[in-house]
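> this one's structure only:
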Ligand code: NOJ
Ligand code: CA
């Protein structure tokens, strides 16, 4: 009898072991609130499910690939086992929105194998943190000879209900779209084709770009994005409105006819899902950085966080021109040999020195000069832009070496500018010489640009071919100790952890649109959405600081749709290690509010998102590295509101001298944007501030330790 019982027990144990291998494998976040299960569907397709606080946030979602010259990796798999690991470590950001970053997660690696021939295997790696999860595919073998050509990656994000979404269309080229707010079931990206200001948009289907941030009716926030995009195509999300299903749609190459080509074993970028029950926690989340590899560059003390000015806004306003002849007419061909200066060219030695003097007088560390090099006559609108831009040769009225020398004398570093006009092969050809020039002159930062349709035709800004171009530029720059701020570049996926010379990027609708957009400029609510969407990916070169908000006399038909205090708050709400004071020196000269831009930090010990709702308002406090000074920015959409700021995060026993830059009594983004007032007081951790924000308004506060 006893013996039989024993046998039964052994049998039962064996049975449950088998079931475990085939049934769900689960992995939870360290705090136990997020639970991810991985399992096989009846047809042998791998799937996952995510719950937060016991409620489904991602319902059963399929995983798999379609390949060229090989059968798909989807159904017919068996689970060959799972391995686990727990990690808890703290690492340091050389510059950033905080110094210390804790990376604490539980990992599950699931081994999958095809039951039938060819018996290929695939690995799924899940890392579950307290603030969300990431997972990626690993292919230990190529699927066809030594290569794998991916026609589609079919990663699903199956939503259990119809959340509110903040989305931009799944454009394969450009992320410079106004955010839309709608239920998932009402996303209609195709209606956004035909951007009024950009020719280079390609929106092939109803899809959205990431980060896609959502709020569920139970108050849970989700944001889907990706981390560590290297040698792969960027992921957009196809929208199935009826099934409430988002599915990966990789950016392709019409020229090559596929999405991704890899040789040998490889893994995909991480697919990330940030999960929070407070909107501000999405911004504080370090998930995307934690899923990137550690710093590969070592000492990057040559990457200098700083504020900068630029020969830039004056071109966007039409006060001066990028091109030497000053025509600003870049749609008709002018023979470069016939060019004569007309006095409208912005990038002259004299003008650069004027900006350097202004920067030096106000403690701004950098000067960007656009339009300094030959090629701007054939910038926008020319189908053949190959071989046009020259990244070494200045126009005759710009003495590059003298500008660098003068800047050094005054303590202002030149930021180099390379507009590629989306002709990356021309840029690639000059890469080494262009970066050697910077090295020789001691220039440690470059702003790059990719305006226009990519040449060759059939490639897109966000495809694998361009991902590899941007990576090559980043690594070449690193080898020459140059930091890169890419405009119209690849979306950010946290590579700055591995390559800390990736300082900032555009990939959103920046301030520039206010100068020339034909659709009314950035809406007033713009900056109440960007921090919760595009900024989850990384630092943004938004270029804040317009004081002449009505843009008179240059652009009477355009304006900036915020108040002046809102512009100041942007220095805290938007994070970047390089922050521009973008307006013209003459608009700052003698202006009392300039003091805030002079004072505000750019490199942070810690960041606290005090409050905020997506599309309504946001309040962020940051402690400056090295000084212990705090700065707070709060800004609102088109609605006025009162925001309470509780300063209990300040250190005990310290009193601060607070300067508050507030909306004036009649401030209004449209009716009276310049109205502001300054208040000074003392503050400590017991202080509570009631800030009244005007429609489209804001508040900016500096807190310096009292002497
Ligand atoms: C677009 C960039 O976003 C802008 O900042 C720059 O001035 C122009 N391209 C010219 O390169
Ligand atoms: Ca741009």
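Received, thanks. All values reported here derive from a predicted model rather than from experimental measurement. Ligands and ions are numbered 1, 2, ... in the order given.
> Which strand or helix spans residue 280?
Secondary-structure element containing residue 280, defined by DSSP states H and E: helix 279-284.
> Who are the packing partners of that helix?
Contact partners of helix 279-284 among helices and strands, from 3 or more Cβ pairs under 8 Å, 6 or more residues apart in numbering; DSSP states H and E: strand 221-227, strand 604-613. (Each C-beta comes from the backbone N, C-alpha and C, glycine too.)
> Tell me which residue in the stretch 451-600 of the chain sits closest to ligand 1.
The nearest approach of the stretch 451-600 of the chain to ligand 1 comes at residue 487, 3.8 Å away (Cβ to the nearest ligand atom).
> That residue and residue 506 touch, don't they?
Yes. Residue 487 lies in contact with residue 506 (Cβ atoms under 8 Å); the separation is 3.9 Å.
> the more surrounded of these two?
Using other Cβ atoms under 10 Å as the criterion, residue 487 and residue 506 rank with residue 506 on top: 26 against 20.
> which residues touch that one?
Contact partners of residue 506, counting by Cβ atoms under 8 Å, 6 or more residues apart in numbering, are 175-176, 486-489, 540-541.
> quick check, stretch 414-421 touching ligand 1?
Yes. Against ligand 1, stretch 414-421 shows contacts by Cβ under 6 Å from any ligand atom at residue 419.
> quick check: mean pLDDT across that stretch?
The average pLDDT for stretch 414-421 rounds to 98.
> ok, the residue of the stretch 201-350 of the chain found nearest ligand 1 - how many residues close by?
Using Cβ to the nearest ligand atom, the closest approach of the stretch 201-350 of the chain to ligand 1 is made by residue 312 at 5.7 Å. By other Cβ under 10 Å, 27 other residues sit near residue 312.
> What pLDDT does the model give it?
The model's pLDDT for residue 312 equals 98.
> Would you confirm that residue 277 contacts residue 221?
Yes. The criterion here is Cβ under 8 Å, and residue 277 meets it with residue 221 at 7.1 Å.
> Compare those two and say which is more crowded by neighbours.
The neighbour comparison of residue 277 against residue 221 (other Cβ under 10 Å) goes to residue 221, with 23 against 12.
> Pull the contacting residues for the more buried one.
Taking Cβ under 8 Å, 6+ apart as the test, what residue 221 contacts is 213-215, 274-279, 281-282, 614.
> Narrow the residues you listed to those that are buried.
213-215, 274-276, 279, 281-282, 614 (16 or more other Cβ atoms under 10 Å).
> Give me every residue in the stretch 301-450 of the chain that's in contact range of ligand 1.
With Cβ under 6 Å from any ligand atom as the criterion, the stretch 301-450 of the chain comes near ligand 1 at residues 312, 370, 419, 449.
> Now the second one: closest residue in space that isn't a chain neighbour?
The reference is to residue 370. Take residue 370 and drop its neighbours on the chain: the residue closest to it by Cβ to Cβ, 6 or more residues apart in numbering is residue 417, 4.8 Å away.
> again, but for residue 49
Leaving aside its sequence neighbours, residue 49 sits nearest to residue 37 (Cβ to Cβ, 6+ apart; 4.8 Å).
> Give me the three-state assignment for the residue nearest to residue 179 when sequence neighbours are not counted.
Distance criterion Cβ to Cβ, 6+ apart; nearest residue to residue 179, sequence neighbours excluded, is residue 529 at 4.5 Å. At residue 529 the chain is in helix, as set by DSSP: H, G, I helix; E, B strand; the rest coil.
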